[in-house]
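[1] mind looking at a prediction? Sequence and model below.
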Amino acid sequence: KPGAPKQSIENFAEGFFKEQVKQHPDWLENYVLLAQVYLMNDKAIEAELALREALKRSPNNVLILNKMLEAFVRGEKYDEISQTMEKILSLDPNVPAALLYKIQREIESEDFDGAEESLNKYKELLQRSMTRLVESPSDSLFGENVFRQQIALYRKKKQNEKIADINHEAYLKHPNVCDFVYLEAALSQQKTRATVGASEIVGKYLKDNYTTNALSALAEYSVSGSDLSQCESYHAKMIELEPAAPGYHFRMAKVYAGLQEYTKAEQALKKAIAICPNSDAYWAELGEVYRVQKDKLRAMSSYENALQYNPANYEAREKLRELKGKKSIFAQFASVNVDSAIKAAPKSKELLTEKSGGAALAGGHGMVLLDDTKRVVFDKGSSMSQRELLVKLFDKTGIDQYKEFGIPYNPYTETLVIEKAVTIKSDGTEVKADIARNGVLFKQLEEGECIYLKWKTKNYYNGKLSNQFWDENYFNGAYPVALARY
């Protein structure tokens with residue numbers, strides 16, 4: 001009823017332990033139990049504050065610090081997690097969680113001897129716990145962690161034969177742990193070059209663990225084994241378990257499209273779109289199904305729907321332009337002839353100085369013949385750019401500065417496509433550069449020769465400003481410039 005009085009009812013357990021803390025402020029167990037109640041209700045900050053009060057009374061209490069770890073995990077305080085782990089290790093190196101952290105850290109830093117020593121200590125703790133008459137769930141997790149860290153260690157050491165042996169032992173001892181099951185299946189497939197053994201392993205796991213992940217793995221093995229009906233059966237079971245999940249229809253559509261079963265692919269995609277109509281990926285895939293069937297109008301409509309929901313779907317945008325008979329959008333810009341730019345360039349540093357009226361130019365170790373940026377902005381802030389860079393290098397200093405070049409881009413919000421990266425020799429021949437991500441290494445580069453780079457970037461911004469556009473471009477640099485354009 002509008003205007004009715006409101007009353008907040010406190011959780012009975014929270015109220016009880018608050019009162020216990022108030023009456024007995026030196027009884028540390030009440031702080032821990034209050035924190036546990038808070039954590040059960042996802043109140044990470046309240047749990048942390050309660051435990052901090054306990055730590056004031058017992059700052060080196062490992063039990064309280066261990067519970068504090070859970071509060072930090074819930075609160076996503078990663079720096080505090082590391083600091084607390086280090087403190088626990090200094091107080092008691094035999095605490096399982098801290099020892100596990102130490103093993104992981106040693107594996108990451110490739111301290112293999114230290115990792116093996118810590119693993120042996122972890123195994124000793126496991127053996128002590130197994131001396132009890134009744135095995136607890138924590139014992140099983142203890143054993144699983146030993147195998148996991150051994151696998152991680154030998155993966156880092158690239159000792160695949162040991163990974164296979166350890167995982168097989170882990171699989172036999174823990175046949176219902178998905179990590180070991182899926183790795184055992186993958187190793188079986190790798191060894192036999194067939195999916196029969198892998199399917200049997202996952203199928204056995206499925207009997208006691210009826211999950212979509214296991215069904216999905218079996219569906220993939222069915223596709224690899226060219227058993228479409230079996231694949232359809234597994235997908236039907238996944239959809240039965242999670243009828244509101246559109247991804248299963250989409251994955252089945254991809255299978256149908258790969259087998260050129262376009263009618264079935266269309267039906268599956270329409271089912272996915274009915275559940276999630278604002279997915280650009282589903283609309284773009286439907287457009288592709290229509291495109292390969294020469295259904296131009298419906299393909300164009302599907303691609304337009306994809307772009308409506310995600311203007312940064314550049315693959316859909318390019319295919320839509322093709323269907324409309326349009327060339328690449330960058331073809332609309334004027335271009336510079338690279339050969340002509342090289343012919344017009346000074347032959348040496350001395351001639352460059354003469355062209356400047358006799359004044360010695362700063363940064364005269366080379367000359368930027370072309371720095372051309374073309375930017376295309378679409379609706380809702382999405383954009384892509386193409387840049388060409390042509391630099392002539394006159395001496396060893398210039399070569400050292402440019403032979404290794406890092407293309408500027410943000411890997412978190414942009415994709416990079418390097419179209420061309422070459423050394424242009426004095427006789428006009430080209431030597432391809434080595435490329436690793438955005439790093440370019442120009443080979444066989446000598447004095448008086450040029451480097452040429454051409455690349456594209458496509459942005460995928462998100463957040464409140466993603467539908468806005470902004471940019472910056474610098475025309476000045478360390479070297480003289482013949483032509484810089486934006």
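    Good, I have the coordinates.
[2] confirm Lys420 sits in a strand?
    Yes. Under DSSP: H, G, I helix; E, B strand; the rest coil, Lys420 falls within a strand.
[3] which one is it nearest to, not counting chain neighbours?
    Of all residues not flanking Lys420 in the chain, Lys454 sits nearest, at 4.4 Å (CB to CB, 6 or more residues apart in numbering). For glycine as for every other residue, the C-beta is placed from the backbone atoms N, C-alpha and C.
[4] over to Leu393?
    Gly366 (4.2 Å).
[5] next: Ile275.
    Distances taken as CB to CB, 6+ apart place Pro246 nearest to Ile275, at 4.0 Å, with adjacent residues excluded.
[6] go through the chain and flag its longest helix.
    helix 137-156 (DSSP state H).
[7] from Lys343, how far out is the residue nearest to Leu393?
    Using CB to CB, to the nearest Å, we find Gly366 at a distance of 17 Å from Lys343.
[8] if you count what's nearby, which of those two comes out ahead?
    A side-by-side neighbour count of Gly366 and Lys343, using other CB atoms under 10 Å, places Gly366 first with 24 against 9.
[9] pLDDT at that one, what is it?
    As predicted, Gly366 sits at a pLDDT of 92.
[10] quick check: it vs Ile399, distance?
    Counting by CB to CB, the gap from Gly366 to Ile399 is 8 Å.
[11] give the residues shared as contacts by these two.
    The overlap between the contact sets of Gly366 and Ile399 (CB atoms under 8 Å, 6 or more residues apart in numbering) consists of Leu393.
[12] helix, strand, or coil at the residue nearest to Lys420?
    Classified using three-state DSSP, Lys454 is strand.
[13] any stretches of the chain with poor pLDDT?
    Counting by pLDDT under 70, the chain has low-confidence residues at 1, 129-142, 350-363.
[14] could you rerun that using 90?
    Residues of the chain that meet the criterion pLDDT under 90 lie in 1-11, 93-99, 122-143, 145, 224-226, 346-364, 379-381, 460-470, 474-479.
[15] and the residue nearest the centre of it?
    With distances taken as CA atoms, centre = their mean, the residue of the chain nearest its centroid is Tyr412 (9.3 Å).
[16] any idea how far that residue lies from Tyr460?
    Taken as CB to CB, the span from Tyr412 to Tyr460 is 9 Å.
[17] just confirm Leu241 contacts Asn213, I think it does.
    No. Leu241 is beyond contact range of Asn213, at 10.7 Å (criterion: CB atoms under 8 Å).
[18] between those two, who's got more neighbours?
    Per other CB under 10 Å, whichever of Leu241 and Asn213 has more neighbours is Asn213, with 15 against 12.
[19] return the distance of the one helix or strand that one maps to from the chain's centre.
    Using DSSP states H and E, Asn213 sits within helix 212-224. From the chain centre to the centre of helix 212-224 is a distance of 23 Å (CA atoms, centre = their mean, to the nearest Å).
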